[in-house]
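S.K.: from the sequence below, what's the structure:
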Amino acid sequence: MMMQVNRPARKCALAWSVCLFLCVCASVSGQNKKPGLWALENARIGPGSPLEVATGSSYNARVEYPNPDGPTSPLRAKITWSIAPAVQGIHIERDSGKITVDAGVPNGTTATVHANVNNGVRKLTARVFVFNRAENPLAGNWRVKCALSCGETHQALPPEAAGRLTKHWRFHADRTVWIGQPTGIAAGVKLTGTYEFDLKAGKLTLVPTWPKGKPQEEWKLELISGHEMKLLSLQPKDDKGAVCGYVLTRDGD
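M.R.: Down below sits the predicted model:
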């Protein structure tokens, strides 16, 4: 005579089998850290380029790869991090990639970060630029809070008035500047180049490297706070309905 197994027991056994199968699959998946060939070949150290860390702060570096239309994605692989040659006051965690810069590191100090992917399958490097916010308060990512019209009143206009390629400004610690739309179907570049500023004189100068042949731009600079600034063109337009300035706010605020 066959012994019947009651339904609750069968359900319990089935549930246990499914759980065991999923656990094994998860374990195998966790061990399989071989990224796709395209992702591996296009991998880079980021986020951001160049890597910039303020004195007395930290930065979580990662190996990532670009997407055709969207933000970058982290590379799923074993990464071993290091800084070579060693630079006093700049540290990196071997397994996580967290970079820490001591408060006393001088503004303008640089270091080279190394990322060893899957035990030498790829070896990547990137430069780290250290900046002091007191000496370079512009360094960082900014976005247009509102546009300012031409004329004496400089009436506030909605951000859309600035145009899609003028909404994001990036002042890098190595004194390069980028203006444009970083991601999405509307991504594009308005200007790249270098910048100089004089806080006492309240002046910002942009020297374009692209578009080629574009003359340098002079702006009246006013730091409203550490998180907001106003820019007014020193080459104003006659059209009072045109845009002659911006109020920028630091990204994340």
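S.K.: in the stretch 101-250 of the chain, what residue spans correspond to strands?
M.R.: Along the stretch 101-250 of the chain, the stretches classed as strands by DSSP state E, counting those that start in this stretch are 110-117, 122-131, 140-149, 156-157, 168-171, 176-181, 188-198, 203-210, 217-225, 228-233, 243-250.
S.K.: tell me the contacts of V144?
M.R.: P159, A162, T166, K167, H168, W169, Y246, V247, L248 (C-beta atoms under 8 Å, 6 or more residues apart in numbering). For glycine as for every other residue, the C-beta is placed from the backbone atoms N, C-alpha and C.
S.K.: kindly report the same for T110.
M.R.: The contact partners of T110, taken as C-beta under 8 Å, 6+ apart, are V87, R127, V128, F129, V130.
S.K.: and the third one, how far from I45?
M.R.: Between V128 and I45 the computed distance is 9 Å (C-beta to C-beta, to the nearest Å).
S.K.: anything in contact with each of those two?
M.R.: What both V128 and I45 touch, as defined by C-beta under 8 Å, 6+ apart, is the set L51, V113.
S.K.: run through this structure and note the low-pLDDT ranges.
M.R.: By pLDDT under 70, the low-scoring segments of the chain are 1-34, 69, 240, 252-253.
S.K.: tell me the centre residue of it?
M.R.: Central residue of the chain (C-alpha atoms, centre = their mean): G48, 3.5 Å from the mean position.
S.K.: thinking again about what came up before, mind picking the two most distant members of the contacts of V144?
M.R.: H168 and V247 (14.0 Å; C-beta to C-beta).
S.K.: picking up where we left off before, adding distance to A77, write the strands of the stretch 101-250 of the chain out as JSON lines.
M.R.: Shown next, in JSON lines, are the strands of the stretch 101-250 of the chain (distance: least, C-beta to C-beta, whole Å):
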{"stretch": "strand 110-117", "distance to A77": "5"}
{"stretch": "strand 122-131", "distance to A77": "9"}
{"stretch": "strand 140-149", "distance to A77": "27"}
{"stretch": "strand 156-157", "distance to A77": "46"}
{"stretch": "strand 168-171", "distance to A77": "28"}
{"stretch": "strand 176-181", "distance to A77": "28"}
{"stretch": "strand 188-198", "distance to A77": "30"}
{"stretch": "strand 203-210", "distance to A77": "33"}
{"stretch": "strand 217-225", "distance to A77": "41"}
{"stretch": "strand 228-233", "distance to A77": "40"}
{"stretch": "strand 243-250", "distance to A77": "33"}
